[in-house]
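Visitor: Give me a 3D structure for the following:
(one chain, ligands or ions: 1)
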Amino acid sequence: MLRGQDRRQAMMLLGGGLLAAGCGGVPSARSEEAAAASLHELAAAKGLRFGTAMAARQLDDPNYVEIVKRECGAIVAENEHKIYTILAEEDEWNFGPADALARFAEEEVLAMRGHTLIWSHPRWLPDWLNNTAFDAQGAEAWIDSYVARVAGRYSPQVYSWDVINEAVDDKTGELRETTFTRAMGFDALTHSFHAAKEAAPGATLAYNDYMSWEEGNEGHRTGVLRLLERLKKDGAPIDALGIQSHSNYNMPNEFTAERQRAWRGFVDEVVGMGLDIYLTEFDVNDTRLGPDEAMRDRLIADYTKDYLDMMLSYPQTKDLLAWGMVDKDSWLQTFLPREDDVEKRPTVYDSDYQAKPMREAIVAALRAAPVRS
Ligand code: 9MR
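Guide: Numbers count the residues shown, from 1 in each chain. Model prediction:
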């Protein structure tokens, strides 16, 4: 079996040959092509990256590994780069799980994305850190040394970092308070970007958040725009907005024309600031749909196509990362549980590792996407 570079080159040739055969071909040749080419190859042909979140424990699941190797050009650590993993206790550094993912990415010639240097939300920072009372200088020094150690360790492998994650309160649109912002105010964010630039000068730097097209997200969207404007004004070296692309509350059949218009307005403002867009955590929640699998898969696939058509129509969109590739491992199985206890179907492959209609929708959206540089 081919591994790493050899495998990828072979796939390139295969993808290129099939693409060439597809030009002007009959419809059946086209669908064969769509079935044969990997999501990564289809994305790469448009100047995009396709990849997925991966947890270190999934390295022990040969079926998951096979899907990642077959379909993906990039991985992002699901939890392994978070402060609560790397530094759960003060001074007890734990790079083991992140290193394991980094090694896998290197062996398989997969690009590696970093998520996240500072999750700007006390719920996801370790208690010992929440309970540390910094003054401004102390907070700055802590950020400098943590970011240097983490981003430095994975530089230049990690091509892009979520420097700050979820700093905006989704209800009020205001900045969340953390031990860092208490000490430094907004400068805690700007400073983190500078620290990341210094530690990983070759990586693109993103602010990542879950504001979405859904009802009730207006304040969150406005807050994120305010935050991005301030980062730009203060000279933070920010390259992109990570749009997580979870749809948690409104169901896939509720992506209405009116919501699409409002959402497009938000994305227009973001690209108007000169930022790229990474779709960093794509999945689709089906909590309130009936249990019928075929019906759910169809609605999820339709939504996937509509959402990706819109987002990939922006040449600024560079990455499409799924938040997991197999249903049974999705965080959504336990988040907002279904009342009927039926398994959710939020990802590309079902729990028997079989591709679902969502995959065809991604193929169609990638094929329809304009080429970007
Ligand atoms: O999928 C992740 C889950 O395993 C973790 O328990 C959870 C808390 O760390 O984070 C999940 O991933 C989140 C991501 O880091 C940030 N955006 C929302 C994602 C889903 O909650």
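
Visitor: how far does stretch 167-177 stretch from start to finish?
Guide: This stretch, stretch 167-177, spans 8 Å end to end (CA to CA, to the nearest Å).

Visitor: can you offset everything so residue one is 25?
Guide: Done: numbering now begins at 25, and the last item shifts to stretch 191-201.

Visitor: so does that stretch get close to the ligand?
Guide: No: contact of stretch 191-201 with the ligand (CB under 6 Å from any ligand atom) is absent, the minimum separation being 11.5 Å. For every residue, glycine as well, the C-beta is placed using N, CA and C.

Visitor: who touches that stretch?
Guide: 144-146, 190, 205, 210, 213, 231, 233-235, 241, 243-244, 246-248, 250-251 (CB atoms under 8 Å, 6 or more residues apart in numbering).

Visitor: try stretch 245-258
Guide: For stretch 245-258, contacts defined as CB under 8 Å, 6+ apart pick out 191-193, 196-199, 210-211, 213-214, 217, 231, 233, 235, 262, 265, 290, 293-294, 297-299.

Visitor: of these, buried ones?
Guide: Among the contacts of stretch 245-258, those classed as buried by 16 or more other CB atoms under 10 Å are 191-192, 197, 199, 211, 213-214, 217, 231, 233, 235, 262, 265, 290, 293-294, 299.

Visitor: Which of the residues you listed fall in strands?
Guide: 231, 233, 265 (DSSP state E).

Visitor: and those as JSON lines, adding pLDDT and distance to the ligand?
Guide: Output for these, formatted as JSON lines (pLDDT from 0 to 100; distance: CB to the nearest ligand atom, whole Å):
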{"residue": "Tyr231", "pLDDT": "99", "distance to the ligand": "12"}
{"residue": "Asp233", "pLDDT": "98", "distance to the ligand": "8"}
{"residue": "Leu265", "pLDDT": "99", "distance to the ligand": "14"}
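
Visitor: Closest one of those residues to Ser62?
Guide: Closest approach between those and Ser62, by CB to CB: Leu265, at 26.7 Å.

Visitor: give me the number of residues near whatever residue of the chain ends up closest to the ligand?
Guide: In the chain, the residue that lies nearest the ligand is Trp355 (3.5 Å; CB to the nearest ligand atom). By the criterion of other CB atoms under 10 Å, Trp355 has 16 neighbours.

Visitor: Can you give me the distance of it to Phe217?
Guide: 27 Å (CB to CB, to the nearest Å).

Visitor: contacting residues for Leu72?
Guide: With CB under 8 Å, 6+ apart, Leu72 has these contacts: 336, 341-344, 390, 393, 396.

Visitor: hmm, I was thinking of Ile262
Guide: By CB under 8 Å, 6+ apart, the contact list for Ile262 reads 187, 217, 229-231, 252, 255-256, 299.

Visitor: Give me the nearest residue to it, chain neighbours excluded.
Guide: Leu255 (5.1 Å; CB to CB, 6 or more residues apart in numbering).

Visitor: Neighbours of the one you found, how many?
Guide: Leu255 - counted by other CB under 10 Å - has 23 other residues nearby.

Visitor: in the chain, which spans are helices?
Guide: Using DSSP state H, the helices of the chain run over 28-46, 51-60, 63-68, 86-95, 107-110, 120-131, 151-154, 160-177, 203-208, 211-223, 242-257, 281-296, 317-336, 381-392.

Visitor: Make CSV from those and add distance to the ligand and mean pLDDT to it.
Guide: Conversion of the helices of the chain to CSV gives the following (distance: least, CB to the nearest ligand atom, whole Å; pLDDT from 0 to 100):
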stretch, distance to the ligand, mean pLDDT
helix 28-46, 27, 39
helix 51-60, 29, 52
helix 63-68, 20, 98
helix 86-95, 14, 98
helix 107-110, 7, 98
helix 120-131, 12, 98
helix 151-154, 15, 98
helix 160-177, 15, 98
helix 203-208, 18, 98
helix 211-223, 16, 98
helix 242-257, 13, 98
helix 281-296, 18, 98
helix 317-336, 17, 98
helix 381-392, 18, 98
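
Visitor: how about a markdown table for these, with distance to Ala77 added?
Guide: Output for these, formatted as a markdown table (distance: least, CB to CB, whole Å):
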| stretch | distance to Ala77 |
| --- | --- |
| helix 28-46 | 20 |
| helix 51-60 | 24 |
| helix 63-68 | 14 |
| helix 86-95 | 10 |
| helix 107-110 | 14 |
| helix 120-131 | 10 |
| helix 151-154 | 24 |
| helix 160-177 | 18 |
| helix 203-208 | 25 |
| helix 211-223 | 20 |
| helix 242-257 | 21 |
| helix 281-296 | 22 |
| helix 317-336 | 17 |
| helix 381-392 | 15 |
